[in-house]
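J.: here you go, sequence then predicted model.
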Amino acid sequence: MDWGGQAGNFYEFWRCAPQCGGPDLNGCLICCGHWWCCNVFAMSSLYSKSLNQECHLIPHCAMVCFCTMCTCAFTRYNVRRSIGMSGNLCGDFVCAGCCGCCSFLQVLRASKVEDWNYFKLTVPPTVAPEINFVRHACIK
């Protein structure tokens, strides 16, 4: 259950910095945009990257749409093997079935943002106006 490194423990769902980029506004906007609005595309991209393949409508998007549980378990299995963690496919199915959210967040922490960033979106950094503070000295 403990993958070490960025992935950490299975139950550490509160750790979101690696899976959503940095803990900044840009990373949060990209993460929320992908996983709330376009989750089929993001999951298809992550699944295909775990197989070292290009993302295609068939089989990757079809697999996500019609067999989400299997896709999550297979993605977990492939990512776990790629980072060198021990385990088996049966355990990956149990983790994905019993606590899919915790399991999936652990997979995201072990993956790079480029693996699921389907649209290759980047949010331009906001430029705050420069404010000069003038220190006034009181002369008595």
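T.: Happy to help now that I have it.
J.: what's the first helix or strand after the longest helix along the chain?
T.: Ordering each helix of the chain by length in residues (DSSP state H) puts helix 68-82 first. Using DSSP states H and E, the helix or strand that directly follows helix 68-82 along the chain is helix 89-98.
J.: contacts for that next one?
T.: Applying CB atoms under 8 Å, 6 or more residues apart in numbering, the external contacts of helix 89-98 come out as 1, 10, 69, 72-74, 76-77, 80, 102-104. The C-beta positions use only the backbone N, C-alpha and C, and glycine is treated the same way.
J.: ok, of the residues you listed, which one's closest to residue 53?
T.: Closest to residue 53 out of those is residue 74 (12.4 Å), distances taken as CB to CB.
J.: the closest one: how many residues sit nearby?
T.: Other residues near residue 74 number 19, with proximity taken as other CB atoms under 10 Å.
J.: from what I see, it and residue 46 are in contact.
T.: No - counting by CB atoms under 8 Å, residue 74 stays clear of residue 46, with 10.8 Å between them.
J.: number of residues surrounding residue 52?
T.: 8.
J.: next, it: secondary structure please.
T.: coil (DSSP: H, G, I helix; E, B strand; the rest coil).
J.: please tell me how far it sits from residue 68.
T.: Here residue 52 is placed at a distance of 21 Å from residue 68 (CB to CB, to the nearest Å).
J.: over to residue 50?
T.: Counting by CB to CB, the gap from residue 50 to residue 68 is 15 Å.
J.: so between these two, which is more surrounded?
T.: Neighbours per residue (other CB under 10 Å) separate residue 50 from residue 68, with residue 50 holding more: 22 against 15.
J.: residue contacts, the more buried one?
T.: Residue 50 neighbours (CB under 8 Å, 6+ apart): 74-75, 78-79, 82, 111, 115.
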